[in-house]
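**Student:** Sequence and predicted structure are below.
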Amino acid sequence: MFVDMQPADYLPALPSDLGYGIGIVGCGIVVGDSHIPAYKKAGYRVAACCDTIEEKAHSVAAIYGSPLVTTDVGELLSHPEVDIVDLAVHAHQRLPLVEQIAAAGKHIFSQKPLAPSLGEAERIVGICRDAGVTLMVNHQARWAPPHRALRLLVERGVLGHVFAVTHIHRAYQDFGWYAEREDFNIVDHGIHYIDLSRYFTGYTPVRVKATTAMAPGQNAVSPMIYTILFEYEPSSQVMTTLHFNNIISAPTLHDQMWFVDGTRGSALLIDPPGKAKLSLSFKDSPEKVQTFDIAGTWECEGFAGSMGEMMLALEGGREPESSGRDHLVSLRMAFAAVESAKTGESVELRR
Ligand SMILES: NC(=O)c1ccc[n+]([C@@H]2O[C@H](COP(=O)([O-])OP(=O)(O)OC[C@H]3O[C@@H](n4cnc5c(N)ncnc54)[C@H](O)[C@@H]3O)[C@@H](O)[C@H]2O)c1
């Protein structure tokens with residue numbers, strides 16, 4: 001079987017022509033390294049940059065050439081060209097800012113995870129709903145071209161019925177604020193892959209079992225190694241396994257991969273940044289492998305595509321794909337995985 005898939009089939013829409021103005025609140029690492037370069041390349045308009053540390057706001061504004069630089073969120077909110085607030089502070093800093101932004105009637109594009117607890121995340125979703133503003137959470141991994149290409153093949157039914165999704169991830173983040181944040185590995189970073197497990201299968205699990213381990217001499221306050229198993233309704237006939245080792249010290253052996261097995265064939269996505277390869281093999285010709293070199297990157301099209309979805313949702317008057325409400329499902333799965341690892345028991349997600 002030969003599969004025809006072109007970059008235009010999976011690259012996300014980057015609707016710079018819609019002209020929405022972005023105001024950034026929190027000009028830290030993720031904004032400087034990813035949001036701003038991606039928005040600049042996509043041609044989005046960043047109208048204002050705000051950080052309580054003035055130099056950070058200035059250095060991010062300088063990369064973009066953004067006109068308004070401020071340490072005062074109120075000043076950013078009163079700028080008429082700010083339509084969307086790109087909220088890139090930490091989870092525990094979000095709630096008071098959401099209250100202020102929603103009261104000003106501005107739409108919110110928030111970094112993940114939305115809050116440090118499910119209750120607080122639900123409160124944030126309620127505040128935005130009551131204020132009538134759109135809330136989207138930046139699950140940019142869904143707009144990263146390698147993941148969109150894999151999902152497209154699943155949607156087209158190329159693999160048949162998908163019954164096993166397996167993720168293996170090796171990285172190193174035993175430093176900085178990552179190491180200080182409780183349950184960072186599952187709730188803050190792992191949420192990308194937990195969310196992708198929903199994106200690929202199209203199902204929400206009913207039960208989770210997780211196990212974790214601390215590594216010798218690690219700095220992080222919480223385990224940096226986990227395995228999570230998601231179980232679904234029996235009628236779904238699918239299982240997801242996520243294994244993440246975030247304390248591999250030899251960088252050349254870092255990698256991330258997804259195996260997706262279906263009744264007609266299997267897919268393997270190997271995803272080193274900018275060099276992702278997606279391979280397919282089918283039951284009716286198992287000796288053959290078809291490989292796609294995936295165009296685009298998580299850092300550029302992923303971040304720009306995610307913001308693009310926010311703009312398209314505003315334009316169409318619809319809920320964004322990874323709205324605050326939708327994010328609650330992935331966040332619930334992440335907190336349930338933490339609970340399972342701590343208690344040693346399976347945790348029900350149907351409650
Ligand atoms: N989507 C991704 O792939 C990804 C990657 C990295 C980080 N993140 C998320 O992005 C968020 C920020 O991470 P980071 O690494 O950039 O952190 P960071 O500490 O580098 O940046 C946060 C910034 O927010 C500023 N800030 C805090 N309170 C503020 C306020 N009231 N008003 C204005 N500015 C304020 C801080 O001064 C700081 O510059 C976290 O939630 C993290 O989980 C997401």
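**Tutor:** Happy to help now that I have it.

**Student:** tell me which residues in stretch 178-186 are buried?
**Tutor:** Neighbour counts over stretch 178-186 (16 or more other CB atoms under 10 Å) mark 178-179, 181, 183-186 as buried. (Each C-beta comes from the backbone N, C-alpha and C, glycine too.)

**Student:** Any chance of those residues in CSV with distance to residue 196 as columns?
**Tutor:** Formatted as CSV, the buried residues of stretch 178-186 follow (distance: CB to CB, whole Å):
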residue, distance to residue 196
178, 19
179, 24
181, 21
183, 19
184, 18
185, 16
186, 14
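
**Student:** Keep only those of these that are in helices.
**Tutor:** 178-179 (DSSP state H).

**Student:** May I ask which two of the buried residues of stretch 178-186 are separated the most?
**Tutor:** Maximum pairwise distance in those, criterion CB to CB, is 14.3 Å, between 179 and 186.

**Student:** which of the buried residues of stretch 178-186 lies closest to residue 230?
**Tutor:** Closest to residue 230, out of all of the buried residues of stretch 178-186 and judged by CB to CB, is residue 186, at 12.7 Å.

**Student:** Distance-wise, check the closest one relative to residue 168.
**Tutor:** As judged by CB to CB, to the nearest Å, residue 186 and residue 168 stand 16 Å apart.

**Student:** residue in the protein nearest to the ligand?
**Tutor:** Across the chain, the shortest distance to the ligand (CB to the nearest ligand atom) belongs to residue 28, at 1.8 Å.

**Student:** Tell me how many other residues crowd that residue.
**Tutor:** 17 (other CB atoms under 10 Å).

**Student:** now residue 208
**Tutor:** Residue 208 has 25 nearby residues by other CB under 10 Å.

**Student:** would it count as being in a strand?
**Tutor:** Yes: according to DSSP: H, G, I helix; E, B strand; the rest coil, residue 208 belongs to a strand.

**Student:** Could you list which residues are in contact with it?
**Tutor:** 228-231, 333, 336-337, 340, 346-347, 349 (CB atoms under 8 Å, 6 or more residues apart in numbering).

**Student:** hey, what's residue 270 bridged with?
**Tutor:** residue 257, residue 277 (DSSP bridges).

**Student:** who's in contact with it?
**Tutor:** Residue 270 makes contact with 255-257, 276-277, 279, according to CB under 8 Å, 6+ apart.

**Student:** ChimeraX command for the buried members of the residues you listed?
**Tutor:** Buried residues among the contacts of residue 270 (16+ other CB under 10 Å), as a ChimeraX selection:
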select :256,257,276
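
**Student:** with the contacts of residue 270 in mind, which one is nearest to residue 94?
**Tutor:** Of all the contacts of residue 270, residue 256 has the smallest distance to residue 94: 27.2 Å, by CB to CB.

**Student:** Relative to residue 280, how far out is that closest one?
**Tutor:** Distance of residue 256 to residue 280, computed by CB to CB: 18 Å.

**Student:** for residue 76, same thing?
**Tutor:** Residue 76 sits 47 Å away from residue 280, going by CB to CB.

**Student:** what's the neighbour count on the residue nearest to residue 58 when sequence neighbours are not counted?
**Tutor:** Leaving aside its sequence neighbours, residue 58 sits nearest to residue 69 (CB to CB, 6 or more residues apart in numbering; 5.5 Å). Residue 69: 20 surrounding residues under other CB under 10 Å.

**Student:** SS state for residue 69?
**Tutor:** Residue 69 is classified as strand under three-state DSSP.

**Student:** which bits of the stretch 51-200 of the chain sit near the ligand?
**Tutor:** 51-53, 56, 73, 88-91, 93, 97, 111-112, 138, 140, 177, 188 (CB under 6 Å from any ligand atom).

**Student:** who touches whatever helix or strand residue 310 lives in?
**Tutor:** If you go by DSSP states H and E, residue 310 is part of helix 303-316. Applying CB under 8 Å, 6+ apart, the external contacts of helix 303-316 come out as 11-15, 18, 20, 22, 34-35, 38-39, 41-42, 44, 83-84, 86, 107, 109, 134, 136, 138-140, 142-144, 148, 319-323.
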